[in-house]
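K.L.:
Give me a model of this one.
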Amino acid sequence: MNLAANCARYPTHPCFGVRPVISLLLSCWLLPAALAGPVAPDAGELLRTAEQALEKMELYEAAQAFTAAAEESSDAAIAERAAQLTFGLGFDALAERAVVRWTALAPGNALPRVLLGRLKLRRYAVDEAAADMLAALGSGEPRRDEVYLALAADLSDENNAQLVTRVLSRLTALDPLAPGLQQALGTAALRSGDYDLAIGAASTALLDDPGWQDPQLLIARAMAALGRDDEALAKVAALKAAGANPLIELEYARMLADAGKLAEARGALAALTKTYGERPEIERTLAFLDLATGDLAAAEQRFEALEDSGPGRLEAFYYRGQIAERRGDAETARRLYVRVSSGPYLVPARLASAGSLARSGAPEQALEELTRFAQDHPSDAMAVLELRAQLLLSLERPDEALALYDEALRCKPAWVSLLLSRGALHEQQGRLREAMRDLEAAVEIAPDDALALNAFGYILANRTGKSREAWRYVRRAYEIQPRSAAIQDSVGWALFRLGRLPEARSHLEEAVDRLPDPEIMSHLAEVNWQLGDRDTAIDLLFAAAVAWPDSRPVRDTAERLLD
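P.N.:
Purely as a prediction, here's the structure:
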C-alpha cells in the first residue's frame with residue numbers, strides 16, 4: 001500500500017512524561033543562581049542565556065542552553081533542572097544528554113535512571129533501557145511488589161506498549177518469581193495486545209497469593225479480549241461472589257456490556273445503585289452504555305450530571321462535545337471542547353475541535369487553533385503536531401509541513417511515525433532519495449516495527465525495482481502483523497514484482513476482503529490482467545472508479561491497462 005495510506009494508519013505518538021505549565025516554567029525553573037550552588041563561569045553564562053530564552057518562551061533554545069550548562073557544571077541541581085525541562089517538553093535528544101549528566105552527578109538517585117531508561121526505550125534500545133530500569137530498582141533482594149508496580153505505573157506513561165512489554169519481559173527473566181513484576185508485565189502485555197502473555201504473567205503472579213484480585217481481573221480482561229466472554233464473566237462473577245466489593249461489581253457490569261449483554265449490564269448497574277446509591281462511577285458507566293446503544297439524550301443527561309463530580313467534569317465536557325458532533329451541532333461541540341482545560345482529555349478535545357473545524361470547511365482556522373494551543377501548552381505541542389502537518393498539507397503548504405516535521409525530528413529523532421510521515425511527504429513531492437532516507441532510518445531505529453518495515457519494503461518494490469530486498473522487509477512485516485490489510489497488499493505487490501502471480505493474487509484478494517481500498521483493488525486488477533483474467537480486472541477497476549472517482553491509483557492503472 002502507498003506510503004501516505006500506510007502512514008495514516010500509524011498511530012500518533014504523543015509526548016508523555018512531566019507536564020510543566022507556563023507558571024511552573026517561570027517560577028520553578030527560573031531559580032536564582034545562588035540557590036543552584038556555585039557554578040563554573042561558562043555554566044553560569046549558559047544558565048543566564050537559558051533563563052532569558054525561557055522568559056521569551058524560546059523553549060528549544062532554552063533547553064539547549066540548560067543542557068549545555070548541565071554538561072559544563074558539576075552541580076546536580078542544574079542537571080536536574082535541565083533534565084526536567086527537556087524531558088517535560090519532549091525534547092528527547094537533549095533530555096538524554098541532560099539525564100546522562102544528572103545520573104553521573106547523582107549516582108544514588110533512582111529518578112534519573114528511570115528517565116534515562118524511558119528515553120532509551122523511546123529510541124528502541126530495549127536492552128539498554130532494561131539495564132537502566134534495573135539500576136533504578138536498586139540491589140535490594142527480594143524487591144517488594146510495590147517497587148515493581150510503581151515502575152510499571154511510570155512506564156505506563158510511555159505510548160509504545162509493545163516496547164514497555166519487551167523491557168518488562170527482560171526484567172521478568174531476571175526475577176521470575178516476583179509477583180508484582182509478573183503483574184506489571186501482564187498489564188503491559190494486555191495494553192500491547194499480547195493477551196496470551198497477559199494471562200500467563202497474571203497466572204504466575206497468583207502462585208504466591210491465589211486470592212490476589214488484580215491478577216484475576218487481568219486474566220478476565222485478557223480472556224474477554226480473546227473473545228472468551230463466558231470464561232471472563234465466570235471469573236469475575238466468582239470474585240464478586242467471594243465478598244462485597246463495589247469495584248468488582250462495577251467491573252462485572254462493564255464486562256457484561258462489552259459482551260453485548262446490555263440488559264444484564266443495566267440490571268447489574270441498577271443493583272449497584274440500589275446498594276451504594278448514585279455514585280459517579282456507576283453513572284459514568286451508564287452514560288457509556290447509553291452512548292453505545294445510541295441513546296444520546298440519556299447519555300447527555302448523565303454526563304451533564306457528572307459535571308458537578310470533580311475530576312469527572314472535564315471528561316463530561318469532552319463526551320458532551322462528542323454527542324453534539326454526532327448530532328451535527330459542530331458549534332456546540334467546539335464550545336464544549338474548549339471547556340476541557342486540563343487533564344487527559346485536554347489534547348483529545350483540542351484535536352476533536354480542530355478536526356471539526358477542518359471538516360466544516362475551515363482548515364485555516366483549525367490550524368490557527370492548534371498553533372495557539374501548542375504555544376500555550378508547550379508540553380503538549382508534540383501531541384498535536386501531526387494534525388497540524390496534515391492541515392498544512394490540506395492547505396497546499398507542503399514546505400511548511402516539512403519544516404514542522406524537521407523541527408519535531410530535531411527534538412525527537414527516533415519518532416518513527418513522524419519519520420514515516422515525512423517520508424510520505426517527500427515521496428509525494430517527488431523527492432525519492434529523501435523519502436528512502438527517512439524510511440531506512442525508521443527501520444534502523446525500529447527493526448521490528450511492522451509499519452516501518454512495510455513502508456520501506458513497499459517503496460523498494462514500487463519505486464526502485466529492488467524486488468528481492470523489498471520482499472524481505474514486507475515478509476517480516478507480515479510475520480509481525482499478519483492481519484493487516486495494508487501489509488498484505490504490500491506482500492501481494494512485492495510477489496507480483498517477483499513474478500509470483502498466483503501467490504500475489506491470493507494475498508491481494510484477502511487484503512481486499514479485509515479492507516476495500518482503491519489502491520489494493522487496482523493492484524488486484526493488475527495481477528488479474530497479467531494472469532489473463534481481464535474481465536475480472538475490468539470489473540474491479542470499474543467498481544473502484546465508481547466508489548472512489550478521484551482515486552489516482554485506479555485512474556493510472558486503468559489508463560495503463562485499457563488504453
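
K.L.:
right, and S467 touches R500 too?
P.N.:
No - contact criterion Cβ atoms under 8 Å: S467 and R500 do not qualify, at 9.9 Å. C-beta here means a position set from N, CA and C on the backbone, and glycine is covered the same way.

K.L.:
Who has more neighbours out of the two?
P.N.:
Neighbours were counted for S467 and for R500 using other Cβ atoms under 10 Å; S467 has more, 19 against 16.

K.L.:
quick one: contacts for the more buried one?
P.N.:
Residues near S467 by Cβ atoms under 8 Å, 6 or more residues apart in numbering: L460, A461, A494, R497, L498.

K.L.:
Among those, the buried ones, what's the ChimeraX command?
P.N.:
Of these, the buried ones go into a single ChimeraX selection, burial set by 16 or more other Cβ atoms under 10 Å:
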select :460,461,494,497
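
K.L.:
Helices - which of the contacts of S467 land there?
P.N.:
Counting by DSSP state H, those place A494, R497 in helices.

K.L.:
from the contacts of S467, which two are the most distant?
P.N.:
Greatest spatial distance in the contacts of S467: L460 and L498, 12.0 Å, computed using Cβ to Cβ.

K.L.:
Neighbours of the residue nearest to L346 when sequence neighbours are not counted, how many?
P.N.:
Of all residues not flanking L346 in the chain, V340 sits nearest, at 5.6 Å (Cβ to Cβ, 6 or more residues apart in numbering). V340 has 23 neighbours, counted by other Cβ under 10 Å.

K.L.:
what's the distance between V340 and S379?
P.N.:
16 Å (Cβ to Cβ, to the nearest Å).

K.L.:
Likewise for I248?
P.N.:
In this view, I248 and S379 are 36 Å apart by Cβ to Cβ.

K.L.:
Looking at the two now, which is surrounded by more residues?
P.N.:
Neighbour comparison, I248 and S379: the larger count goes to S379, with 23 against 19 (by other Cβ under 10 Å).

K.L.:
Can you verify my assumption that the more buried one contacts T86?
P.N.:
No - S379 is beyond contact range of T86, at 11.1 Å (criterion: Cβ under 8 Å).

K.L.:
between these two, what contacts are shared?
P.N.:
By Cβ under 8 Å, 6+ apart, S379 and T86 have no common neighbours.

K.L.:
T172 contacts P179, doesn't it?
P.N.:
No - using Cβ under 8 Å, T172 is not in contact with P179; the gap is 10.9 Å.

K.L.:
Quick one: distance of stretch 221-231 to the chain centre.
P.N.:
Taking Cα atoms, centre = their mean, to the nearest Å, the mean C-alpha location of stretch 221-231 is offset from the chain mean by 24 Å.

K.L.:
And for stretch 525-542?
P.N.:
Taking mean C-alpha positions (Cα atoms, centre = their mean), stretch 525-542 and its chain are 39 Å apart.

K.L.:
Any buried residues in that stretch, and which?
P.N.:
Neighbour counts over stretch 525-542 (16+ other Cβ under 10 Å) mark A525, E526, V527, N528, W529, Q530, T536, A537, I538, L540, L541 as buried.

K.L.:
show me the contacts for the fifth one.
P.N.:
Spelled out, that is W529. Contacts of W529 (Cβ under 8 Å, 6+ apart): A537, L561.

K.L.:
Report back the residue of the protein that's furthest from centre.
P.N.:
Of all residues in the chain, D563 has its C-alpha farthest from the mean position, at 44.6 Å, by Cα atoms, centre = their mean.

K.L.:
And that one, how far from W548?
P.N.:
Distance, D563 to W548, by Cβ to Cβ: 20 Å.

K.L.:
now L256
P.N.:
Between L256 and W548 the computed distance is 40 Å (Cβ to Cβ).

K.L.:
neighbour count winner among those two?
P.N.:
Ranked by neighbour count (other Cβ under 10 Å), L256 and W548 place L256 first, with 23 against 18.

K.L.:
residues contacting that one?
P.N.:
L233, L262, E264, A265, A268.

K.L.:
Find me the pLDDT at it, would you?
P.N.:
pLDDT for L256: 94.

K.L.:
and what of W29?
P.N.:
37.

K.L.:
Please give the element, helix or strand, for L181.
P.N.:
Here L181 is covered by helix 179-192, with elements defined by DSSP states H and E.

K.L.:
Distance check, T273 against Y345.
P.N.:
For T273 relative to Y345 (Cβ to Cβ), the value is 25 Å.

K.L.:
Also A354?
P.N.:
For A354 relative to Y345 (Cβ to Cβ), the value is 15 Å.

K.L.:
Look at these two and report which has more neighbours.
P.N.:
Counted by other Cβ under 10 Å, A354 and Y345 do not tie: A354 has more neighbours, with 27 against 19.

K.L.:
what kind of secondary structure is the nearest residue to the more buried one once chain neighbours are set aside in?
P.N.:
Leaving aside its chain neighbours, A354 sits nearest to A366 (4.1 Å; criterion: Cβ to Cβ, 6+ apart). Secondary structure state of A366, per DSSP: H, G, I helix; E, B strand; the rest coil, is helix.
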